[in-house]
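Asks: Quick check, what structure comes out for this input:
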Amino acid sequence: LFDISVHSNPGFADVQRFVALKSHLAGVALQCVHGIPVSGDGYVEAVSALKERFERDDLRREVLMKDMLNMPSVRQNDLTGMRSLIDHLSSHTRALSTLGVSSDSFSSFMLPVVKDKLPESWRLEWARRESSEFSEFLTFLQHEIRIRESASAGAGHTAAPDAAASMPS
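Replies: Purely as a prediction, here's the structure:
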């Protein structure tokens, strides 16, 4: 947000950008720019120091992959848990993609790990597909959860209360 509203905004001089930047920093990030004079050149130096210290795509990729590996397993008939797992996988896959990691590159080791977190009925349905592509697996999960949530809602249960509550009447 800072990049869009301040850094890339031609209405600000670099010294104004630096004042705005410092007002949004705290802790280690603020310490990183401590001692840099508040000036136009100081702003350029501060941005460079912050990027060098915190812009670590390698660590972001590692954290995302570890987070995917450590997801909890889902019990049979737990649609809320499955929705959470699928949303988690989807968001992490998108984040990895923006960091240059395609699902093809982690499919062979991630797919068996994630499959083990699914209830047996979901693993059985996936086994009928005879595919080993993570992107196809994620599409399957998204399709399957929509079907099961619809069936559950038709039976008088609300499978996704947050979505239903936000829908206009």
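Asks: pLDDT below threshold where in this structure?
Replies: Where the chain drops to pLDDT under 70, the residues are 155-169.
Asks: could you pull out the helices for it?
Replies: For the chain, applying DSSP state H gives helices covering 2, 14-24, 27-33, 40-54, 57-69, 79-98, 103-115, 120-127, 134-154, 161-166.
Asks: In terms of secondary structure, what does the shortest one contact?
Replies: In terms of contacts (3 or more CB pairs under 8 Å, 6 or more residues apart in numbering; DSSP states H and E), helix 2 is packed against helix 14-24. From N, CA and C alone the C-beta is placed, and that goes for glycine too.
Asks: repeat for the fifth one
Replies: Helices and strands touching helix 57-69, by 3+ CB pairs under 8 Å, 6+ apart, are helix 79-98, helix 103-115.
Asks: Of all these, which one comes closest to Ser121?
Replies: Smallest distance to Ser121 across the helices and strands packed on helix 57-69 (CB to CB): 10.6 Å, for helix 79-98.
Asks: Give me the distance from the closest one to the chain's centre.
Replies: 7 Å (CA atoms, centre = their mean, to the nearest Å).
Asks: One more: stretch 100-120?
Replies: Centroid separation between stretch 100-120 and its chain, computed with CA atoms, centre = their mean, is 16 Å.
Asks: and if you look at stretch 126-135?
Replies: Per CA atoms, centre = their mean, the centroid offset for stretch 126-135 relative to its chain is 23 Å.
Asks: Next, the buried residues of that stretch.
Replies: Judged by neighbour count using 16 or more other CB atoms under 10 Å, the buried positions of stretch 126-135 are 126, 134.
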